[in-house]
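*Asks:* Whatever this is, show me its structure:
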Amino acid sequence: MDNKKIEELKAKMRNVPFGNSVFQNKTFTDGKETQERRYRHCLLQINQKLNALQECQFSRRRAEIDILEIEDKKTMSAGFDKDRLEVDLDEQKYHLNIQEKLIEDAIIELKTYSDELDRLPDFTREEFELAEYGYWNKRLLGDAQLEVASSGSVSVGTIESLKKIGINVGKNKHGQIAFQVTSQEKINDDR
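*Replies:* Predicted coordinates for the structure are as follows:
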């Protein structure tokens with residue numbers, strides 16, 4: 001494959017996310033049940049992307065130093081040693097080049113999560129913790145609904161999790177799956 005075709009392919013790659021798409025991040029990622037969970041999810045993703053970009057920055061700085069060192073060594077080398085250094089130089093430049101796409105994608109994802117975060121209120125740790133019962137209630141009952149719709153039953157794991165938050169699962173007198181809230185919900189509502 002010639003260099004022109006490779007450059008065309010690289011240009012096409014820049015136009016498509018290799019990580020999550022903006023649509024995917026907004027539609028299918030965690031945290032849709034409550035604003036507090038969405039807030040947390042955005043912060044987690046931003047933290048991950050910022051850490052990845054920082055690591056990439058260190059890696060790029062090292063590679064740039066390696067390139068300078070290899071170029072310096074090449075001036076004092078000959079034969080196979082010089083050929084090996086040329087391969088090392090090409091490899092370092094290649095690594096720098098492929099990181100550009102990852103950086104571009106990370107910056108787009110950072111902007112997506114930052115914009116989403118700007119639309120949400122800020123939460124304290126206490127506010128987040130107070131909202132957890134509501135989150136798990138919605139999440140687990142939603143899981144149970146999907147399980148009933150797909151298999152006609154609720155999995156043991158979902159039943160155990162619902163029980164931990166004060167919701168018992170059983171069957172009513174007609175044999176249908178039924179949920180009964182215990183006093184746990186009242187305790188959480190009083191907060």
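*Asks:* can you pull the contacts of Glu8?
*Replies:* Counting by Cβ atoms under 8 Å, 6 or more residues apart in numbering, Glu8 makes contact with nothing. Using the backbone N, CA and C atoms, a C-beta is placed for each residue, glycine as well.
*Asks:* Gly142 now?
*Replies:* Glu33.
*Asks:* Now the element after the helix or strand where it lies, going C-ward?
*Replies:* Under DSSP states H and E, the secondary-structure element containing Gly142 is helix 125-151. Going down the chain from helix 125-151, the next helix or strand is helix 156-164, by DSSP H and E.
*Asks:* other SSEs contacting that next one?
*Replies:* helix 125-151, strand 167-171 (3 or more Cβ pairs under 8 Å, 6 or more residues apart in numbering; DSSP states H and E).
*Asks:* For Ile6, which of these is the nearest?
*Replies:* Within the helices and strands packed on helix 156-164, the stretch nearest Ile6 is helix 125-151; the backing value is 45.0 Å (Cβ to Cβ).
*Asks:* if we can go back for a sec, ok now the helix holding Gly142, how far from the chain's centre?
*Replies:* 20 Å (Cα atoms, centre = their mean, to the nearest Å).
*Asks:* for the record, mean pLDDT for that helix?
*Replies:* Averaged across helix 125-151, the pLDDT comes to 93.
*Asks:* again with stretch 36-54
*Replies:* Stretch 36-54 shows an average pLDDT of 94 in the prediction.
*Asks:* Show me where the protein has its helices.
*Replies:* 3-14, 22-27, 35-75, 79-118, 125-151, 156-164, 183-189 (DSSP state H).
*Asks:* Any idea which of these gets closest to Ile177?
*Replies:* Nearest of these (Cβ to Cβ): helix 125-151, 5.7 Å.
*Asks:* care to break this protein down by domain?
*Replies:* Domain ranges of the chain: 3-118, 125-189, per automatic domain parsing.
*Asks:* In the protein, which residue is most central in space?
*Replies:* The geometric centre of the chain, computed from its C-alpha atoms, lies nearest to Gln45 (Cα atoms, centre = their mean), at 5.3 Å.
*Asks:* There's contact between that one and Glu109 in this structure, I believe.
*Replies:* Yes: under the criterion of Cβ atoms under 8 Å, Gln45 makes contact with Glu109 at 6.9 Å.
*Asks:* Give me the common contacts of the two.
*Replies:* Asn25.
*Asks:* For Lys32, grab the count of nearby residues.
*Replies:* A count of nearby residues for Lys32, using other Cβ atoms under 10 Å, gives 16.
*Asks:* what sits against it?
*Replies:* Contact partners of Lys32, counting by Cβ under 8 Å, 6+ apart, are Arg38.
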